[in-house]
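*Asks:* One predicted model, sequence on top.
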Amino acid sequence: MILVTNDDGVLSPGIQLLAKRLRDLDRVVIVAPDRERSAAGHSMTLHRPLLIEQIKEEVYSVNGTPTDCVNIAVKGLLKETPRLVVSGINKGPNLGDDITYSGTVAGAMEAILLGVPAIAFSLNARQDFLFAEAAEVALGIARSVLEQGLPAGTLLNVNVPNCSVEEIRGTLITRLGKRIYHQMTVERVDPRGKKYYWIGGGEPDWEREEGTDFDAVDRRHVSITPLHLDLTDHASFERLRPLEKVRYPGVTHRSDG
């Protein structure tokens, strides 16, 4: 069985077309947010009850985040553990630093934490989404993952160019690129004289470097970036050793030697 989720909502055409194609591989169950939860990140709802509604056979909506959906599905709703969790197809890319905000990627992250292999799929477009084309790509990659498996603790973040399958130039294993944000925080005043803010504005750009996810999709390649949840910067250990010698007022320090 394959569990499908997203952050665009259970009725998004991206998730519906994705689930339809994945049924060629196995039984598919959709458990997804009842509305758009874009940029929810890896947030989990802890301070209110979550409601699950069955929309139709093997399709459920949850009034929570993608993380909630995967957690509830794997740990409570489903009677068996999924062979694979697939999140998407997202309306818009999840490239570089964007993955830290992405609810789509977070759904796959939650699956990895629960011991289930996972893939996140996003479409590199802002309009005129070719979801059916991206679903064909998703089918091929999901089939390969089910046959060959994934390294332990690793999920795949896949970004698909918004073009026909025939126009895709290939598939590349990539690293995360670096966003350049031209973001504005807009301050306004409501009718009662209170300030409020909108976060957003301005299309982001990226550092154009070969081997990154940005570069791959820009050249009409499918980008597959393997991700794991160990965020430790191992390379910085030696440089940071002097911090181990910091002394704090009022604290008695002793040597373990």
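*Replies:* Arrived safely, thanks for sending.
*Asks:* for the host helix or strand of residue 160, packing partners?
*Replies:* Taking DSSP states H and E as the definition, residue 160 sits inside strand 154-161. Counting contacts by 3 or more CB pairs under 8 Å, 6 or more residues apart in numbering; DSSP states H and E, strand 154-161 packs against helix 103-113, strand 118-124, helix 131-148, helix 213-218, strand 221-228. C-beta: built from backbone N, CA, C; applies to glycine.
*Asks:* tell me how far that strand is from the chain's mean position?
*Replies:* 9 Å (CA atoms, centre = their mean, to the nearest Å).
*Asks:* could you give the mean pLDDT of that strand?
*Replies:* Mean pLDDT, strand 154-161: 98.
*Asks:* Include distance to residue 47 when you put the helices and strands packed on strand 154-161 into TSV, please.
*Replies:* Below are the helices and strands packed on strand 154-161 laid out as TSV (distance: least, CB to CB, whole Å):
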stretch	distance to residue 47
helix 103-113	18
strand 118-124	26
helix 131-148	34
helix 213-218	35
strand 221-228	28
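*Asks:* Which one of the ones you listed lies nearest to residue 198?
*Replies:* Set against residue 198 and scored by CB to CB, the helices and strands packed on strand 154-161 come closest in helix 103-113, at 19.4 Å.
*Asks:* Would you mind putting the CA coordinates of the closest one into PDB?
*Replies:* Extracted C-alpha coordinates of helix 103-113, given in PDB (Å, rounded to 0.1, in the frame of the first residue of the first chain):
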ATOM      1  CA  GLY A 103       4.900  21.200   3.800                       C
ATOM      2  CA  THR A 104       5.300  18.900   0.900                       C
ATOM      3  CA  VAL A 105       8.900  17.900   1.900                       C
ATOM      4  CA  ALA A 106       7.800  17.800   5.600                       C
ATOM      5  CA  GLY A 107       5.300  15.100   4.800                       C
ATOM      6  CA  ALA A 108       8.100  13.000   3.500                       C
ATOM      7  CA  MET A 109      10.300  13.800   6.400                       C
ATOM      8  CA  GLU A 110       7.600  12.600   8.900                       C
ATOM      9  CA  ALA A 111       7.500   9.300   7.000                       C
ATOM     10  CA  ILE A 112      11.300   8.900   7.300                       C
ATOM     11  CA  LEU A 113      11.000   9.500  11.100                       C
END
